[in-house]
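> sequence and predicted structure are below.
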Amino acid sequence: MSSVSETFVREFFELHGFLVRQQRKYVGKTRKAADDIDFIVLNPQPDKDKDKEPLPFVLSSSDLAKIVRAVVVVKGWHTESFSPSVLANAPGIFKFVQPKAFKQTADIFGDDESIERILVVPALPKDKEVRQESIELLKSSGIDGILSFSTILSTLIDRIETNRNYQKSDLLQVIRVMKNYGFFRENQLELFQAKKRRSQGNA
């Protein structure tokens, strides 16, 4: 499941014009600090007005233009939301923001300026109070922003055009074929977008 989740995330960033480097192509017997980072992304044409408004913590598709470069970690569990209890029992989630791991990544960029730490999560809790508690815990742990899989999936589905041949990407081609045969209808897209708007409003 992890490789499938990472494929969704890679396509999402590439769709927004980012250069994406996968941190590793193998699974070793032992994990090093830097192995907890899935992607290093670079935006060659960021929004020049990005400094006028701070990035929201819960990121939307439109917020990516403000990001210059980032390290991305994907947690594609797809079974539960990131509640405070889940976060408390999974301290390894935050290993990639620790100084040792982050320094190794910063060395790739040449310095540690303007590097966002982004976590891709299944979902945040629906309850407003618990959701905010989760957000505060993530922020205090050093995370700069989160992306939900609903945002990633709805964006990919919405942006793929049925009259284009995405033969360079199996994932995008599958989405295109499914859209062509009506498996993603307009009301389904609106459902994704409505969920995304509600999530952003509760952040």
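Received the coordinates, thanks.
> would you map the helices across the chain?
Along the chain, the stretches classed as helices by DSSP state H are 2-15, 84-88, 99-109, 128-140, 149-159, 170-180, 186-202.
> between these, which gets nearest to P122?
Closest of the helices of the chain to P122 is helix 149-159, at 5.7 Å (criterion: C-beta to C-beta). Just so you know, the C-beta spots here come from the backbone N, C-alpha and C atoms, and that holds for glycine as well.
> can you give me the buried ones in the closest one?
Residues of helix 149-159 classed as buried by neighbour count (16 or more other C-beta atoms under 10 Å): 149-157.
> dump the helices of the chain into CSV; add mean pLDDT and distance to D38 as well.
Putting the helices of the chain into CSV (pLDDT from 0 to 100; distance: least, C-beta to C-beta, whole Å) gives the following:
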stretch, mean pLDDT, distance to D38
helix 2-15, 90, 6
helix 84-88, 74, 18
helix 99-109, 71, 11
helix 128-140, 89, 17
helix 149-159, 92, 13
helix 170-180, 92, 16
helix 186-202, 52, 22
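> can I get the ones you listed in CSV with distance to I67?
What follows is these, written out as CSV (distance: least, C-beta to C-beta, whole Å):
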stretch, distance to I67
helix 2-15, 9
helix 84-88, 23
helix 99-109, 13
helix 128-140, 17
helix 149-159, 14
helix 170-180, 22
helix 186-202, 17
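> now, the most widely separated pair of the buried residues of helix 149-159?
Between any two of the buried residues of helix 149-159, the greatest separation by C-beta to C-beta is 12.0 Å, found for F149 and I157.
> from I115, how far off is L156?
25 Å (C-beta to C-beta, to the nearest Å).
> same question, L87
When C-beta to C-beta is the yardstick, L87 and I115 sit 22 Å from each other.
> and I157, by the same measure?
Here the distance between I157 and I115 works out to 29 Å (C-beta to C-beta).
> ditto for R176
Separation of R176 from I115 (C-beta to C-beta): 34 Å.
> and I146, by the same measure?
Using C-beta to C-beta, one obtains 16 Å as the distance from I146 to I115.
> looking at these two, which one has more neighbours?
Looking at I146 and I115 with other C-beta atoms under 10 Å, you find the greater number of neighbours at I146, namely 23 against 19.
> what sits against the closest residue to I146 other than its chain neighbours?
In space, I146 comes closest to L119 once its chain neighbours are excluded; the distance is 5.0 Å by C-beta to C-beta, 6 or more residues apart in numbering. With contacts taken as C-beta atoms under 8 Å, 6 or more residues apart in numbering, L119 has the following neighbours: 72-73, 75, 93, 138, 143, 145-147.
> go again with 10 Å.
Applying C-beta atoms under 10 Å, 6 or more residues apart in numbering, one finds that L119 lies in contact with 59, 71-75, 82, 93-94, 96-97, 138, 141, 143-147.
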